[in-house]
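Asks: how would this look folded up:
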Amino acid sequence: MKNFLNISDLSAQDLRGILDEAKSRKLNRKGFNKSAPDLDKPFEGKSMVMIFEKPSTRTRMSFDIAVKQLGGSSIILNPDVIHYGKGNESLKDTAKVLTEYADIVMLRTSAHKNLEEFGKYLEIPIINGLSDLSHPCQILSDIFTFEELKGNISNKNISWLGDANNNMSNSLIEAAGKFKFNLNIGCPEKYKPKSSIMKLAKKNNIKIQVTQNPKEAVENADCVMTDKWVSMNDKVNKKLKKKNLKKFQVNKKLMDLAKNDAIFMHCLPVGRGEEVTDEVIDGKKSVVWRQALNRVHAQKSIINWCLN
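Replies: Below you'll find the predicted structure:
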């Protein structure tokens, strides 16, 4: 039994194996209906419980379809309809019950500690569908998308613009260490990566540069990435944060400083006209819709890795 909580928890070999399987499974599905099962149906007769503390479109849909394509079934819950450590039942007992009902759990949570605590009591694998500290499923599927279009990501230049103190940037920094790509981060001083993640980067010789100059961050980039400036549950002064990040907006002028064949990525949902302009996200260099689709294929392989 293996949990999938952070990219840093897995070896580079295991991560590469997940991507190789995702590529193979996607190629083998040509001509299949979207919810038709893969020929080998490795998850047949099995079920996944998905718990959402936060609203979700892509994570919910992509995991549900992933399970169907693997031949299994899913049960989608939110904490308001189960005990989940509330009322007369402890979190430990809820975990023990789910262990008896399902084969694997996916949790999308506002607090990473919930993943760790819940996982401590489960006797089946748990997958991080997003937490306040990391978003490993998204970053792994983004690397899958990059390599599908531009080849092996090793030694390529990846740029991140905007808030670099969030779950996406944390997982991206971890991934830079595992996949050996160059990571250039453009952000205001106030929104630079946490000192703990930078210490991890230094310890593991991760090739990372942090600058307050957005032009410098995207120069010679193979891929430019950003994320929504204000997430749904952010308890911040939204107007002030948007003002502070304004010069880090990904627009055509900034994209033109990257390589001619550079691609643009965004995990969605998007704040159009804020972190990115319509011209960029709807333009030829944007691969955001392919990113969304590839969540399905990457997560199928993550599920298989957890169970094997």
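Asks: that's a strand at Met106, yeah?
Replies: Yes - with DSSP: H, G, I helix; E, B strand; the rest coil as the criterion, Met106 is part of a strand.
Asks: Run through the residues that contact it.
Replies: If you count contacts by CB atoms under 8 Å, 6 or more residues apart in numbering, Met106 has them with Met48, Val49, Met50, Ile51, Phe63, Ile126, Ile127, Gly129. Backbone N, C-alpha and C define where each C-beta goes, glycine included.
Asks: what's the most distant pair in these?
Replies: Of all pairs drawn from the contacts of Met106, the one with the largest separation by CB to CB is Phe63 and Ile126; the distance is 12.7 Å.
Asks: separation between Asn304 and Ala298?
Replies: Applying CB to CB, to the nearest Å, the value for Asn304 to Ala298 is 11 Å.
Asks: out of these two, which sits in the more crowded spot?
Replies: With neighbours defined as other CB atoms under 10 Å, Asn304 and Ala298 compare such that Ala298 has more, 29 against 18.
Asks: per-residue confidence at that one?
Replies: If you check Ala298, the pLDDT there is 98.
Asks: shouldn't it be in contact with Phe146?
Replies: No - with the criterion set as CB atoms under 8 Å, Ala298 and Phe146 do not qualify as a contacting pair; they are 11.7 Å apart.
Asks: and Val44, how many neighbours?
Replies: Not quite, residue 44 is Glu, not Val. Counted by other CB under 10 Å, the residues lying close to Glu44 total 12.
Asks: swap that for Ala66, please
Replies: Burial measure for Ala66: 26 neighbouring residues, criterion other CB under 10 Å.
Asks: need the contact list for it.
Replies: Contact analysis of Ala66 by CB under 8 Å, 6+ apart lists Arg295, Val296, His297, Gln299, Lys300, Ile303.
Asks: Could you pull up the residues touching the fifth one?
Replies: The reference is to Lys300. Residues touching Lys300, when contacts are defined by CB under 8 Å, 6+ apart, comprise Glu21, Ala22, Arg25, Asp38, Ala66, Gln69, Leu70.
Asks: Downstream of the helix or strand where Lys199 lies, the next helix or strand is which one?
Replies: Element membership of Lys199, judged by DSSP states H and E, is helix 195-203. Per DSSP H and E, helix 195-203 leads on to strand 208-211 as the next helix or strand towards the C-terminus.
Asks: so Ile51 touches Pro79, yeah?
Replies: Yes - with contacts defined as CB under 8 Å, Ile51 counts as touching Pro79 at a distance of 6.7 Å.
Asks: quick one, which of those two is more surrounded?
Replies: Between Ile51 and Pro79, counted using other CB under 10 Å, the more crowded position is Ile51 (23 against 16).
Asks: how far away is the more buried one from Thr145?
Replies: Shown here: Ile51 relative to Thr145, a distance of 26 Å by CB to CB.
Asks: before we move on, the earlier item: what residues of the helix holding Lys199 count as buried?
Replies: Of the residues in helix 195-203, those with enough neighbours to count as buried (16 or more other CB atoms under 10 Å) are Ile197, Met198, Leu200, Ala201.
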